[in-house]
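Engineer: Turn this into a model:
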Amino acid sequence: MAKFCSNCGRPLQEGEVCTCQTQSGQPNQGQPYGQQGQPYGQPNQGQPYGQQGQPYGQPNQGQPYGQQGQPYGQPNQGQPYGQQGQPYGQPNQGQFYGQQGQPYGQPQPQPQAPKQPGAAGIYFKELWGSIVGAYKKPAETLSGMTVNPKAPVLWGLLGIQAILFSLIFLFMGLKMNGLTGGYITLINTPLAFFMALILGAAILAVWGAVAMAFAKAVAKKPMTYSQGLGAAAAKAVAQMPFTVVTALFVLILPVSSGFAMGLIMFIYSAGTLLSYFFIPVSMEAFLAEDKNKRVWQLFLTFVVNMVVSNVAAWIFLQIIGSGMASALTGGLF
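Structural biologist: Got it, this is the predicted structure:
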């Protein structure tokens, strides 16, 4: 009759002793006790304990602990902790912290205020504005020159016209002397230039004095010399563009041509004619209230200045000493 082990139930041969008691304290190398495929107390190399794919107490080289793609305590070179693209405690060379495009602790560039023009820039802007304004809004601009004069601007306008006037004689001297091939000097060009410069400035300065005198004498209205220069500046601005064209025509056209010289005289005379309209507008606040007196006030102002201009022209011609220059300067004043 077969016998069985009373402990494990295995069938035994006659006289055989079961060895299950002696093997009960050794672990099974091929079969886990606690869970399928894993003995107690021995880590499973292929199956984690705590979570799928990760054993307790051993870091996984390919899988992070705290979040996907990042182990605890080790910065991720390609994935940030705190915000996308930025690990904690490590500056990102391409991404700012506090504000997009601006790191903490680094001052943000402030927009620069527009560069203000210097004193020279402001001055030339006022000069140009006075010239343009005299043609766009002559009543307002010219009247403002006398009522609220700015002496530096007025002297600048007078100086520009005097220089332009002297260029006419500079170009004329060069053209006339060029006709002789350099053998004969018809006009002392440097002398003519500087004398015309002085003459042009003197005539305009006299205009200021005459305007001041007749405002007090006829209109009984006090007028300062600076305000009188406003009337002279109105004359200068009226003649300025025509003087430029005259100088260019002298330089370009043949001076030996009677037609060319007649055209040059006509252009310059047009500027003189315009000054007869600009000056009364500039003196509006200093003219007599009586319209009859106003007519005579303006008439006397122009007559006196015409006399002064002719005297200055005669002195000019005597200095440069040329009959040709006398013919050329007729009507230029």
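
Engineer: number of nearby residues for Pro280?
Structural biologist: Burial of Pro280 is recorded as 19 neighbouring residues (other CB atoms under 10 Å). All C-beta atoms are positioned from the backbone trio N, CA, C, and that covers glycine.

Engineer: and the gap between it and Leu253?
Structural biologist: 33 Å (CB to CB, to the nearest Å).

Engineer: which residues of the stretch 1-150 of the chain score low on pLDDT?
Structural biologist: Scanning the stretch 1-150 of the chain for pLDDT under 70 picks out 1-2, 22-114, 117.

Engineer: Tell me where the stretch 101-250 of the chain has strands.
Structural biologist: Applying DSSP state E, counting those that start in this stretch to the stretch 101-250 of the chain gives no strands.

Engineer: got a list of contacts for stretch 204-215?
Structural biologist: Contacting residues not belonging to stretch 204-215 are listed as 158, 161-162, 221-225, 227-233, 235-236, 279, 283, 286-287, 297, 300-301, 304-305, 308 [CB atoms under 8 Å, 6 or more residues apart in numbering].

Engineer: Which ones among these map onto helices?
Structural biologist: Residues of those located in helices (DSSP state H): 158, 161-162, 225, 227-233, 235-236, 279, 297, 300-301, 304-305, 308.

Engineer: on that earlier part again, out of the contacts of stretch 204-215, which are buried?
Structural biologist: 158, 161-162, 223, 227-233, 235-236, 279, 283, 286-287, 297, 301, 304-305, 308 (16 or more other CB atoms under 10 Å).

Engineer: can you map out the helices along the stretch 51-200 of the chain?
Structural biologist: 119-136, 138-147, 151-179, 189-217 (DSSP state H, counting those that start in this stretch).

Engineer: Ok, which of these comes nearest Phe259?
Structural biologist: Ranking the helices of the stretch 51-200 of the chain by proximity to Phe259 (CB to CB) places helix 151-179 first, at 15.3 Å.

Engineer: Now do the buried residues in the closest one.
Structural biologist: Result for helix 151-179 [16+ other CB under 10 Å]: buried residues 153-177.

Engineer: And stretch 7-23, by the same measure?
Structural biologist: Cys18.

Engineer: try stretch 314-322
Structural biologist: Phe316, Leu317, Ile319, Ile320, Ser322.

Engineer: which one among those gets closest to Lys291?
Structural biologist: Out of these, the member with the shortest distance to Lys291 (by CB to CB) is Phe316, at 37.4 Å.

Engineer: just checking, the closest one touches Met195?
Structural biologist: Yes: between Phe316 and Met195 there is a contact at 5.4 Å, judged by CB atoms under 8 Å.

Engineer: rewinding a little: among the buried residues of stretch 314-322, which are located in helices?
Structural biologist: Checked against DSSP H, these include these in helices: Phe316, Leu317, Ile319, Ile320.

Engineer: ok, the residue lying closest to Ala162 once chain neighbours are set aside to Lys137 distance?
Structural biologist: Nearest non-adjacent residue to Ala162, counting by CB to CB, 6 or more residues apart in numbering: Gly200, 3.7 Å away. From Gly200 across to Lys137, the span is 26 Å (CB to CB).

Engineer: any idea how far Gly228 is from Ala215?
Structural biologist: 8 Å.

Engineer: Name the residues contacting each of those two.
Structural biologist: By CB under 8 Å, 6+ apart, no residue touches both Ala215 and Gly228.

Engineer: how about Glu14, secondary structure?
Structural biologist: coil (DSSP: H, G, I helix; E, B strand; the rest coil).

Engineer: For the residue nearest to it when sequence neighbours are not counted, list the residues it contacts.
Structural biologist: Spatial nearest neighbour of Glu14, chain neighbours left out: Lys3 (7.3 Å); criterion: CB to CB, 6+ apart. For Lys3, the contacting residues are Pro11, Leu12, Gln13, Glu14, Glu16, by CB under 8 Å, 6+ apart.

Engineer: okay, the ones in helices among the buried residues of stretch 314-322 in CSV with distance to Leu204 and pLDDT next?
Structural biologist: Output for these, formatted as CSV (distance: CB to CB, whole Å; pLDDT from 0 to 100):
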residue, distance to Leu204, pLDDT
Phe316, 15, 78
Leu317, 19, 76
Ile319, 19, 74
Ile320, 20, 71
